[in-house]
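Visitor: sequence first, then the predicted structure, then my questions.
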Amino acid sequence: MADSGVEHTGRGRPGTRVRPADHLWLHLLLLLPPPVTAEAAEQQPGARAGGGVRGGVMRAGAGRTVARTSAKAGVLNTGASWRVVSTVCGKPTVAGKIFGGQSVVGERWPWQASLLYLGKHVCGAVLIERYWVTSAAHCFVKSHKPEDYRVLLGYSQLHQPTQYSLQLTVNRIIVHPDFDKFHRMGSDIVMLQLHLPVNFTSHIVPACLPVPDSQIPTHASCWISGWGMLSEDEFLPLPFHLQEAKVGIIENQFCRNYFPPPDPNKRVYSVHEDMLCAGDLNTGKSICRGDSGGPLVCQVNNSWFLMGLSSWSLDCREPIFPSVFTRVPYFSTWIQEVERSTPIPDLASAPPQGAPPSVSHPHSLGTVNTPQTCTALVLSQTFLLLSMFLKTGMACSAIF
């Protein structure tokens with residue numbers, strides 16, 4: 001997670017120099033309609049659509065009509081309301097004032113998960129139900145084999161597991177059938193079914209699932225968290241402490257002006273209706289490599305709802321750009337259908353879960369690939385796509 005600006009609180013990097021041409025570009029942006037951001041009061045933690053079936057998973061379509069009244073999804077579909085059904089979801093046990101860009105108390109974000117690929121942290125993930133974790137689909141471009149992955153819960157420092165930490169094996173990986181199909185990074189969401197159900201504790205609690213197509217109230221307090229890089233050139237140091245930052249929600253209409261327009265050939269990254277923009281354009285708080293799949297949560301009615309999954313952004317050296325997230329309410333019904341239609345695993349066939357590991361190397365560099373339309377640096381253990389568009393909007397540099 002990147003943090004930049006005049007003030008730094010342990011997460012930042014030196015201020016970014018803006019070229020004269022950028023000043024002109026920014027002045028032009030100031031003529032555009034202002035964004036609507038979620039200005040948070042001092043609220044603190046405490047107290048897709050369903051269509052035809054494809055490959056055993058509900059395919060994204062036009063209808064969003066499924067209502068859940070169980071505690072699985074965490075909310076009751078009552079239109080625009082935010083009624084929480086589960087008494088557990090979205091309620092951390094720790095309260096207190098937080099400042100963006102600093103390390104996190106262990107119980108602060110108890111739904112935060114780490115996704116390990118062959119023993120390395122590659123992405124964030126989010127616990128949403130006893131058997132289910134969600135993340136970004138692009139985190140699985142290297143492999144769709146469940147045995148290649150592990151999910152870590154109850155961690156605040158990846159290098160130092162505690163008595164509350166868990167390692168869990170993955171039973172099924174269900175990538176959204178429309179991932180990257182209609183536009184770059186579209187439907188960037190995946191569901192992971194665990195072999196064993198998770199017992200909720202003070203350090204492990206699911207985030208609440210929002211009502212389909214719900215909008216974030218302007219007063220909501222929204223935060224991002226993850227174990228990603230501190231900047232484009234700075235890895236998170238030992239003991240790999242979970243980082244957090246407070247962000248504002250930026251309306252898509254305004255956010256689109258930061259990126260190239262949609263391209264029918266899918267050559268560029270653009271903001272679409274299944275995406276959500278957030279960030280702090282003043283301080284540069286944003287997602288960075290290794291944050292992919294991690295949560296954007298917003299507090300509504302004293303509960304924390306999962307509104308976004310870290311998906312892509314510009315190069316971490318460009319702090320004035322928003323970060324782009326998968327818009328979770330757009331996929332809430334698809335999530336519910338996956339949960340409903342997928343059989344519960346046979347507990348007797350679950351493999352050994354293993355002791356919670358001490359993660360020693362969260363990232364490692366891989367090979368370099370050069371596609372026809374973009375230059376892509378491939379980090380084999382970090383699949384967060386971070387595209388850096390030229391001001392012409394005709395080329396990009398994507399990092400996997």
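Guide: Ah, there it is.
Visitor: measure how buried H241 is and give me the count.
Guide: H241 has 20 neighbours, counted by other Cβ atoms under 10 Å. (C-beta placed from N, C-alpha, C; glycine too.)
Visitor: quick check: pLDDT value at it.
Guide: According to the prediction, H241 has pLDDT 87.
Visitor: next one: S360
Guide: What the model reports as pLDDT for S360 is 77.
Visitor: same deal with the one 5 residues further on?
Guide: At L365, the predicted lDDT confidence score is 31.
Visitor: please pull out the lowest mean pLDDT helix or strand from this protein.
Guide: Lowest mean confidence among the helices and strands of the chain (mean pLDDT, DSSP states H and E): strand 368-369, at a mean of 22.
Visitor: tell me where the model's unsure across the stretch 201-350 of the chain.
Guide: Segments of the stretch 201-350 of the chain classed as low confidence (criterion: pLDDT under 70) are 284, 317-320.
Visitor: please repeat the previous calculation with a cut-off of 50.
Guide: Along the stretch 201-350 of the chain, the model assigns pLDDT under 50 to no residue.
Visitor: which residues in it form strands?
Guide: Taking DSSP state E, counting those that start in this stretch, the strands of the stretch 201-350 of the chain run over residues 221-226, 243-250, 275-279, 295-300, 303-313, 323-327.
Visitor: okay, buried residues for the fifth one please.
Guide: Residues of strand 303-313 classed as buried under the neighbour-count rule (16 or more other Cβ atoms under 10 Å) are 303-313.
Visitor: what about the helices in the stretch 301-400 of the chain?
Guide: 332-341 (DSSP state H, counting those that start in this stretch).
Visitor: still on that earlier bit, quick one: which of the buried residues of strand 303-313 is nearest I204?
Guide: W304 (14.1 Å; Cβ to Cβ).
Visitor: so the closest residue to the closest one other than its chain neighbours versus F305, what's the distance?
Guide: Sequence neighbours aside, G90 is the residue nearest to W304 in space, at 3.8 Å (criterion: Cβ to Cβ, 6 or more residues apart in numbering). From G90 across to F305, the span is 6 Å (Cβ to Cβ, to the nearest Å).
Visitor: swap in G294?
Guide: Noted for G294: a distance of 15 Å to F305, by Cβ to Cβ.
Visitor: out of the strands of the stretch 201-350 of the chain, which comes closest to Y269?
Guide: strand 303-313 (6.1 Å).
Visitor: check which helices and strands that closest one is in contact with.
Guide: Counting contacts by 3 or more Cβ pairs under 8 Å, 6 or more residues apart in numbering; DSSP states H and E, strand 303-313 packs against strand 120-129, strand 132-135, strand 221-226, strand 275-279, strand 295-300, strand 323-327, strand 385-386.
Visitor: looking at those, which is buried most?
Guide: Mean neighbour count (mean count of other Cβ atoms under 10 Å) peaks for strand 323-327 among the helices and strands packed on strand 303-313, with a mean of 29.
Visitor: the inter-axis angle of it versus strand 295-300?
Guide: 70 degrees (axes from the mean of the first three to the mean of the last three Cα atoms, to 10 degrees).
Visitor: who's in contact with strand 323-327?
Guide: For strand 323-327, contacts defined as Cβ atoms under 8 Å, 6 or more residues apart in numbering pick out 136, 185, 187-189, 224, 247, 255, 269, 271, 273-279, 286-287, 296, 307-313.
Visitor: switch the cut-off to 7 Å
Guide: With Cβ atoms under 7 Å, 6 or more residues apart in numbering as the test, strand 323-327 has contacts from 136, 188-189, 271, 274-279, 286-287, 296, 308-313.
Visitor: now do stretch 278-290: distance from first to last residue.
Guide: Stretch 278-290 has an end-to-end distance of 17 Å (Cα to Cα, to the nearest Å).
Visitor: now swap in stretch 141-150 and tell me
Guide: With Cα to Cα, one end of stretch 141-150 sits 16 Å from the other.
Visitor: would you mark the buried spots in it?
Guide: Per 16+ other Cβ under 10 Å, stretch 141-150 contains these buried residues: 142, 146, 149-150.
Visitor: likewise for stretch 331-338?
Guide: 331-338.
Visitor: which one of these sits closest to N171?
Guide: N171 lies nearest to V338 out of the buried residues of stretch 331-338, by Cβ to Cβ, at 12.8 Å.
Visitor: how about that closest one: what's its closest non-neighbour residue?
Guide: M191 (4.9 Å).
Visitor: count the residues that sit near that neighbour.
Guide: Neighbours of M191 (other Cβ under 10 Å): 24.
Visitor: what's in contact with the strand or helix carrying it?
Guide: Under the criterion of DSSP states H and E, M191 resides in strand 190-194. For strand 190-194, contacts defined as Cβ under 7 Å, 6+ apart pick out 125, 131-137, 140, 151, 168, 170-176, 335, 338, 342, 345.
Visitor: and that strand, which strands flank it?
Guide: Note on strand 190-194: by DSSP bridges, its sheet partners are strand 132-135 (antiparallel), strand 166-175 (antiparallel).
Visitor: mind showing which ranges of the stretch 51-200 of the chain have poor pLDDT?
Guide: 51-80, 85, 95-101.
Visitor: which residues of it fall in strands?
Guide: So, for the stretch 51-200 of the chain - with DSSP E, counting those that start in this stretch - the strands run 53-54, 57-58, 112-117, 120-129, 132-135, 149-153, 166-175, 190-194.
Visitor: now distance to P260 too, for the ones you listed, in CSV please.
Guide: Listed next are these as CSV, based on distance: least, Cβ to Cβ, whole Å:
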stretch, distance to P260
strand 53-54, 30
strand 57-58, 31
strand 112-117, 29
strand 120-129, 25
strand 132-135, 26
strand 149-153, 33
strand 166-175, 26
strand 190-194, 26
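Visitor: contacting residues for S270?
Guide: By Cβ under 7 Å, 6+ apart, the neighbours of S270 are 183-184, 259-263.
Visitor: ranking by neighbours, what's the top pick from those residues?
Guide: F259 (22 neighbours).
Visitor: measure that one to C316 for me?
Guide: In terms of Cβ to Cβ, F259 sits 16 Å off from C316.
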